[in-house]
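In: just a sequence and a predicted model for now, questions to come.
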Amino acid sequence: MSTPATTPPRDPASSEATERQLQLAVAQGKAYREALDHMAQDVADAGGTQQAGDYLIGYAIEKAEGMYHLEDGELVWHNPGDANAHVEVVVCDAADGRFVPGLNVSATLVTSGGQELGPFPQELVWHPMLYHYARNWELPEDGEYTLRVHVDPPTFMRHDEINGRRFAAPVDVEFVGVPIERGAETVDPPG
């Protein structure tokens, strides 16, 4: 399901990128990757990564969790309700490791019996450590799932006449044997 990268990943022979600028981008990506690996390996119940075209796509599975939503100009906390799993998807630039914002990301979960849940949009989530695309899910059972992730080409502009030729094709990845144990974490934020 993976597609090959379509661009020269980090070419300093452009009007926009110097070797130093590209090194700084890699340093940003390295720090982001460290946070991603910590989330996927140390914090989440399950996680992994896979390259697809111009992207590195990662996932993390946790218990459903509450979040703030902006409603009528006010932040309103919503606990997970009936949701029992939290699926996080990370999309990074495969060339330098930086997070790619502004994407339309969707995910489908498939039970071991073949029941497909989704596809559902994964929304951009601000996190104190790691930007990601996520949503809470209501799953029918514990067990191993297949996670399918689809990323549409972004509509944002790309700077740089050489290095900007990227992120032009949709990509799909599949993670097989993703263990999910359902649960939810209810939190009462400070008043």
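Out: In hand now; what should we look at? Quantities reported herein were computed from a predicted structural model and do not represent experimental measurements.
In: against Gln122, how distant is the closest residue to Asn79 other than its chain neighbours?
Out: The spatial neighbour of Asn79 that comes closest, neighbours along the chain excluded (CB to CB, 6 or more residues apart in numbering), is Gly66 at 4.2 Å. Heads up, the C-betas are built off the backbone N, CA and C, glycines and all. Applying CB to CB, to the nearest Å, the value for Gly66 to Gln122 is 17 Å.
In: more neighbours: those two, which one.
Out: The neighbour comparison of Gly66 against Gln122 (other CB atoms under 10 Å) goes to Gln122, with 25 against 19.
In: check whether the more buried one really touches Val91, as I assumed.
Out: No: assessed by CB atoms under 8 Å, Gln122 is found out of contact with Val91, at 9.4 Å.
In: okay, and the common contacts of the two?
Out: Val105, Tyr133 (CB atoms under 8 Å, 6 or more residues apart in numbering).
In: does anything pack onto the helix-or-strand element of the chain with minimal mean pLDDT? Which helices or strands?
Out: The helix or strand of the chain with the lowest confidence, counting by mean pLDDT, DSSP states H and E, is helix 19-38 at a mean of 93. In this structure, helix 19-38 packs against strand 85-93, with contacts taken as 3 or more CB pairs under 8 Å, 6 or more residues apart in numbering; DSSP states H and E.
In: what helices or strands is the strand it packs on leaning on?
Out: helix 19-38, strand 55-62, strand 64-65, strand 105-110, strand 116-125, strand 132-137, strand 143-151.
In: that strand versus strand 143-151: what angle between them?
Out: 40 degrees (axes from the mean of the first three to the mean of the last three CA atoms, to 10 degrees).
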